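>>> model the structure of this input:
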Amino acid sequence: MMVLCPSCWRTVAADAARCPHCGADSRQFHERAFREKLLGALSHPDRDTAVRAVLILAARRDPAALRAVEDTIRRFAKEPLVVAALMNALCVIPTADARRMARAALEHPSVIVRRAAARVLEEIEERERSREQSSG
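The predicted structure is shown next:
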């Protein structure tokens with residue numbers, strides 16, 4: 001049986017203690033923290049796995065989430081559905097950088113991405129208005 005190395009994502013024998021390609025110790029993977037596994041999944045060749053890792057990082061309010069969103073958007077820039085899905089992570093990260101990324105996406109050639117970006121900006125603004133009303 002073959003599996004993917006959790007470090008380099010190449011195929012290795014399931015019973016291999018070390019990856020023959022990168023030398024990673026597969027036994028140590030199970031001991032890694034969930035966050036480390038998510039960060040490693042960002043480079044996974046399967047785009048859905050990378051996108052899920054980004055969305056989970058954002059949901060966890062992880063400081064690495066914004067950079068993960070930006071890098072993954074760059075990686076899949078020509079796939080509008082993927083970029084639109086990544087816009088959802090920006091809703092959870094209402095920072096100036098998240099707004100900047102959403103504004104930049106308003107210029108994307110795909111209407112799907114532009115609509116997702118507009119929705120993100122609206123949601124961030126609505127959250128800010130709600131916070132102001134509740135604190136004021």
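>>> pull the number of nearby residues for the spatially closest residue to Pro45 that is not a sequence neighbour.
The spatially closest residue to Pro45, leaving aside those adjacent along the chain, is Trp9, at 5.4 Å (Cβ to Cβ, 6 or more residues apart in numbering). For the C-beta atoms, the positions are set from N, CA and C on the backbone; glycine is no exception. Trp9 has 18 neighbours, counted by other Cβ atoms under 10 Å.
>>> in the helix or strand of the chain with the lowest mean pLDDT, what's buried?
The least trusted helix or strand in the chain, going by mean pLDDT, DSSP states H and E, turns out to be helix 26-29, with a mean of 76. Within helix 26-29, the residues scored as buried using 16 or more other Cβ atoms under 10 Å are Ser26.
>>> give me the residues contacting that helix.
5-7, 12, 16-19, 37 (Cβ atoms under 8 Å, 6 or more residues apart in numbering).
>>> show me these that map onto helices.
Of the contacts of helix 26-29, the ones assigned to helices by DSSP state H are Lys37.
>>> derive a ChimeraX selection command for the buried subset of the contacts of helix 26-29.
Applying 16+ other Cβ under 10 Å to these, the buried members can be selected in ChimeraX as follows:
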select :5,6,7,12,19
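>>> could the contacts of helix 26-29 go into JSON lines alongside pLDDT and distance to Ala117?
Below are the contacts of helix 26-29 laid out as JSON lines (pLDDT from 0 to 100; distance: Cβ to Cβ, whole Å):
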{"residue": "Cys5", "pLDDT": "84", "distance to Ala117": "35"}
{"residue": "Pro6", "pLDDT": "79", "distance to Ala117": "33"}
{"residue": "Ser7", "pLDDT": "80", "distance to Ala117": "34"}
{"residue": "Val12", "pLDDT": "89", "distance to Ala117": "40"}
{"residue": "Ala16", "pLDDT": "86", "distance to Ala117": "44"}
{"residue": "Ala17", "pLDDT": "86", "distance to Ala117": "46"}
{"residue": "Arg18", "pLDDT": "89", "distance to Ala117": "44"}
{"residue": "Cys19", "pLDDT": "89", "distance to Ala117": "39"}
{"residue": "Lys37", "pLDDT": "89", "distance to Ala117": "29"}
